[in-house]
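Q: Sequence and predicted model, in that order:
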Amino acid sequence: MATFLLCGKYSSQALEQMSAQRTQQAVEAVQQCGGEVEAMYATLGQNDLLFIVSLPGIEEAMKASIALTKLTGIAFSTTPAIPVQDFDTLIG
């Protein structure tokens, strides 16, 4: 499984529809793409949300990002991530 960071920015509509139920639906959407939500954070600054998810690959990450946007109205930016020690091995 690969790790992906999904950074989300609320729209006005998305803010109006916030709920614990929608959060659970978001987790289920990631699971339907073959993944797991490792962590979810509300943030301040450029983004409003940060999801850390494990997914089988880039295609599933794209599907999950689109599914989450459709479900929530939140615009997501999706970035692959690898542990620093794996990065050190790659460049070493």
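A: In hand now; what should we look at? Residues are numbered from 1 along each chain as shown.

Q: Identify the residues contacting the one helix or strand in the chain whose mean pLDDT sits lowest?
A: Every helix and strand of the chain was ranked by mean pLDDT, DSSP states H and E. The lowest is helix 12-16, at a mean of 86. Contact with helix 12-16 is made by T72, G73, I74, as judged by Cβ atoms under 8 Å, 6 or more residues apart in numbering. The C-beta positions use only the backbone N, C-alpha and C, and glycine is treated the same way.

Q: any chance of the residues you listed in a markdown table, with distance to F4 and secondary structure too?
A: A markdown table is the format used below for those (distance: Cβ to Cβ, whole Å; DSSP: H, G, I helix; E, B strand; the rest coil):
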| residue | distance to F4 | secondary structure |
| --- | --- | --- |
| T72 | 17 | helix |
| G73 | 20 | coil |
| I74 | 15 | coil |
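
Q: Show me just the buried residues among those.
A: For those, a burial check counting by 16 or more other Cβ atoms under 10 Å picks out T72, G73, I74.

Q: any idea which of the residues you listed is the one closest to I58?
A: I74 (20.4 Å; Cβ to Cβ).

Q: List the backbone torsions phi and psi for that closest one.
A: phi -90, psi 130 (degrees, to the nearest 10).

Q: residues contacting it?
A: G8, K9, Y10, S11, A14, D48, L49, L68.

Q: need the contact list for the nearest residue to the second one once chain neighbours are set aside.
A: Closest residue to K9 in three dimensions, ignoring its sequence neighbours and counting by Cβ to Cβ, 6 or more residues apart in numbering: A75, at 5.0 Å. With contact set as Cβ under 8 Å, 6+ apart, A75 has these partners: G8, K9, S11, T69.

Q: Could you give the bridge partners of the nearest residue to A42 once chain neighbours are set aside?
A: Of all residues not flanking A42 in the chain, L49 sits nearest, at 6.2 Å (Cβ to Cβ, 6+ apart). Assessed by DSSP bridges, L49 has beta-bridge partners G8, A42.
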